[in-house]
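Engineer: sequence and predicted structure below; questions after.
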Amino acid sequence: MKESLVKQAYEVARQRYAEIGVDTEQVLKQLQDFHLSLHCWQADDVHGFEVQAGSMSGGIQSTGDFPGAARNIDELRSDILKAKSLIPGNHRLNLHEIYGDFKGKVVDRDEVTVEYFQSWIDWAKDNNTKLDFNSSSFSHPKSGSLTLANPDKGIRDFWIEHTKRCRDIANEMGKAQDDPCIMNLWVHDGCKDVSVNHALYRNTLKASLDEIFAKPQPMMKDCIEGKVFGIGLESFTVGSHDFYTAYAAQNDKIVTIDTGHYHPTESPADKVSALLPFVKELMLHVSRPIRWDSDHVTIMDDPTQELFFEIVRAGALDRVHYGLDFFDGSINRIGAYVIGSRSAQKCMLRALLEPVQTISRLELEGEGYKVLALIEEQKAMPWQAVYDEFCVRNGVPVGADFIADIDRYVAEVTSKR
Ligand code: RNT
Ligand code: ZN
């Protein structure tokens, strides 16, 4: 794409937006300050680097066997850097515990320490990237259908120990980067079939969380993620949305909204303004559910756009952490990162370009049709010219030009794996 064309289009867009009271230069600054947390697990279909790794369990699934997945820590780092080089702005990296640098050693989940993440901390520093973290309760012989909610004290304590250690690691990451590390806690605990012990499991999970969170960890923040169901755990989920919402409100925790974790007609976007009066912050797992929590690559679909509109309209930009969570093994995985990240950014950009004060005033004055008119008109405003300009200023390919870069990387790197 010719840079001079991008500049011309941006100049027109800048004037069009100025006419409706929107300062695109200001918006470009806000977009520069918008940091996604790239999930490391799209690079290798949620496999991780445990020496003893078994098959995937815990109700999630990555489908497809597109060639070129990262097979080790060096390949994963290289792929992440490639993806980052094609995404404008600077973004965080979200690690799962199973992605530690175990250096050929069998390190069980209740033995993990920051030692196995030191090379990540160094890598992050060298690459001007901040880290976020996740405990990993799936894909392990002790995962079963119940971990932190397990009435068996031995198994429960194993996972409590794991999660406590993960909080220690996250806190060390936070200290090293002088910025709190956001640690997400998701456990798949649930029942495949009818059960009469729902209350027992939920009380057990609550007690486990209380124990896990007892230790103050000033340089990390806890978020808790519920869901509707997992594969093989269809009848009951211990950590449902209601469970974690109540827990977070009572215990000052961050609620994670994974856009694939609700009933098909339920709106994740609607949860933003419903939760923010009660919890200080939210974490997002932006994904794309197709019929179920299938974790397809994020695109600019209506639910994603609506989610970002709701955050900006609520004035909550700095109360949200922006994680991604998709894992499609059927397409080029670097392409998946680039498409998903750029789509999330475009949704944020469109939300930032909305003349929300004008529309809000009209709504309060009872001018319903004008509200509708302005919102409809926004859809065809030249926001894309602003995004192209953002890419140029960040020195990354404009439009679909990133495809050629990925093709080159396939030829030179991933096709040789
Ligand atoms: C699973 C949750 C969870 C995982 C990752 C790997 O349904 O969304 O966030 O996708 O932690
Ligand atoms: Zn998630």
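Structural biologist: Cool, the structure landed. Ligands and ions are numbered 1, 2, ... in the order given.

Engineer: CA only for contacts and neighbour counts going forward, please
Structural biologist: Noted.

Engineer: below-threshold pLDDT in this structure: ranges please.
Structural biologist: Along the chain, segments meeting pLDDT under 70 are nowhere present.

Engineer: those residues of it touching ligand 1, which are they?
Structural biologist: Taking CA under 6 Å from any ligand atom as the contact definition, the chain meets ligand 1 at 60, 186, 325.

Engineer: quick one: the residue lying closest to residue 241 once chain neighbours are set aside from residue 246, how far?
Structural biologist: Using CA to CA, 6 or more residues apart in numbering and skipping residues adjacent in sequence, the residue nearest residue 241 is residue 226, 4.6 Å away. When distance is defined by CA to CA, to the nearest Å, residue 226 is 11 Å away from residue 246.

Engineer: could you check which of these two has the larger neighbour count?
Structural biologist: Each of residue 226 and residue 246 has its neighbours counted (other CA atoms under 10 Å); residue 226 has more, 24 against 15.

Engineer: so where's the longest helix in this structure?
Structural biologist: If you go by DSSP state H, the chain has its longest helix at helix 153-177.

Engineer: any buried residues in that one, and which?
Structural biologist: For helix 153-177, the neighbour count (16 or more other CA atoms under 10 Å) marks 155-174, 176-177 as buried.

Engineer: can you give me the strands in this protein?
Structural biologist: Assigned strands in the chain, in chain order: 36-39, 92-96, 131-134, 181-185, 190-191, 220-225, 236-237, 254-258, 282-286, 320-324 (criterion: DSSP state E).

Engineer: for the second one, buried residues please.
Structural biologist: Spelled out, it's strand 92-96. So, applying 16+ other CA under 10 Å, buried residues of strand 92-96: 92, 93, 94, 95, 96.

Engineer: which residues touch it?
Structural biologist: By CA atoms under 8 Å, 6 or more residues apart in numbering, the residues outside strand 92-96 that reach it are 35-41, 48, 129-136, 323.

Engineer: let's go with 10 Å and repeat that
Structural biologist: 35-41, 46, 48, 80, 84, 117, 120, 124, 128-137, 166, 170, 181-184, 322-325 (CA atoms under 10 Å, 6 or more residues apart in numbering).

Engineer: show the buried residues in those residues.
Structural biologist: Buried among these by 16+ other CA under 10 Å: 35-41, 46, 48, 80, 84, 117, 120, 124, 129-137, 166, 170, 181-184, 322-325.

Engineer: related to what we said a few turns ago, got phi/psi on the residue nearest to residue 241?
Structural biologist: phi -100, psi 170 (degrees, to the nearest 10).

Engineer: show me where the protein has its helices.
Structural biologist: According to DSSP H, the helices that the chain contains are 3-19, 24-32, 73-85, 118-126, 153-177, 198-212, 241-251, 270-275, 302-313, 333-352, 356-364, 368-379, 383-393, 402-412.

Engineer: much appreciated, bye for now.
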